[in-house]
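Colleague: Sequence plus predicted model, see below.
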Amino acid sequence: ESTPVLNGESVDGGTELAITATAGDGYRLVSLKVNGEDFTSGSSLTIDKNLTVQAVFIRVFDVLISSGSGGSIKVLDNDTDVLSGSDVDKGGILTISATAQSGYRLFSLKVNDVDFVNEGQLVVNEDVKIVASFVKIYNVEISFGGFGTISVLNGNSEILSGTTVDEGSVLKISATPELN
């Protein structure tokens, strides 16, 4: 059975010692050194001199990514893809891009429930929740046989033939005949 060795405690020469560094929740092990040399956590060595053991940990945060139908989100930490549920180091810089599929447009992109600029960067200092929503769009073609005018309003804005509108938009169409 192994017995933990505490900081400053003496151990007899020739004793085999296993050194394990375990990160707590929300942290990850960055490096482990024994007498200034890299050391693999969980490995053993035989004591033949005084030892200095140094473990360095860094805070990490969860990244959750969610997008509805009609598009996708790509998150990069430097040049590394970040998947939903991944941990990212504190101070890491995420680049967040939302891409709509054909026939859709990006409706909103939020990070921790706050509007976010597409293809923007974020410095990680807390857990991150990224949510994108997309809306189906339709192309509006306007044509008529002449002898008057036609106008189409989307809300208070007039739209021209070839304009795209969001699914669920209410269009007001006005046709006025030409008086002879």
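Modeller: Great, that's in hand.

Colleague: Need the three-state assignment for Ser66.
Modeller: Assigned with DSSP: H, G, I helix; E, B strand; the rest coil, Ser66 falls in the strand class.

Colleague: Who does it form a beta bridge with?
Modeller: Beta-bridge pairing for Ser66 (DSSP bridges): Val131.

Colleague: Could you do Ile96 as well?
Modeller: Taking DSSP bridges, one obtains Val75, Gly120 as the residues bridged to Ile96.

Colleague: okay, and for the chain, where does confidence drop off?
Modeller: For the chain, residues meeting the criterion pLDDT under 70 lie at 1.

Colleague: Apply 80 and report the result again.
Modeller: 1-2, 144-146, 180 (pLDDT under 80).

Colleague: residues contacting Val82?
Modeller: 63, 65, 75-76, 88, 94 (C-beta atoms under 8 Å, 6 or more residues apart in numbering). Any C-beta I mention is one placed from the backbone N, CA and C, and that applies to glycine too.

Colleague: make that Thr80, sorry
Modeller: By C-beta under 8 Å, 6+ apart, Thr80 lies in contact with nothing.

Colleague: Look up the residues forming beta bridges with it.
Modeller: Beta-bridge partners recorded for Thr80 (DSSP bridges): Asp77.

Colleague: which among the contacts of Val82 end up buried?
Modeller: For the contacts of Val82, a burial check counting by 16 or more other C-beta atoms under 10 Å picks out 63, 65, 75, 88, 94.

Colleague: Can you name the two of those that sit furthest apart?
Modeller: Ile65 and Val88 (11.4 Å; C-beta to C-beta).

Colleague: Spatially central residue (nearest the centroid) of this protein, please.
Modeller: Geometric centre of the chain, nearest residue: Val75, 4.5 Å, by C-alpha atoms, centre = their mean.

Colleague: separation between it and Thr3?
Modeller: Distance, Val75 to Thr3, by C-beta to C-beta, to the nearest Å: 45 Å.

Colleague: List the residues that contact Asp12.
Modeller: Ile47.

Colleague: With Ile93 instead?
Modeller: Contacts of Ile93 (C-beta under 8 Å, 6+ apart): 77-78, 121-124.

Colleague: No more questions from me, cheers.
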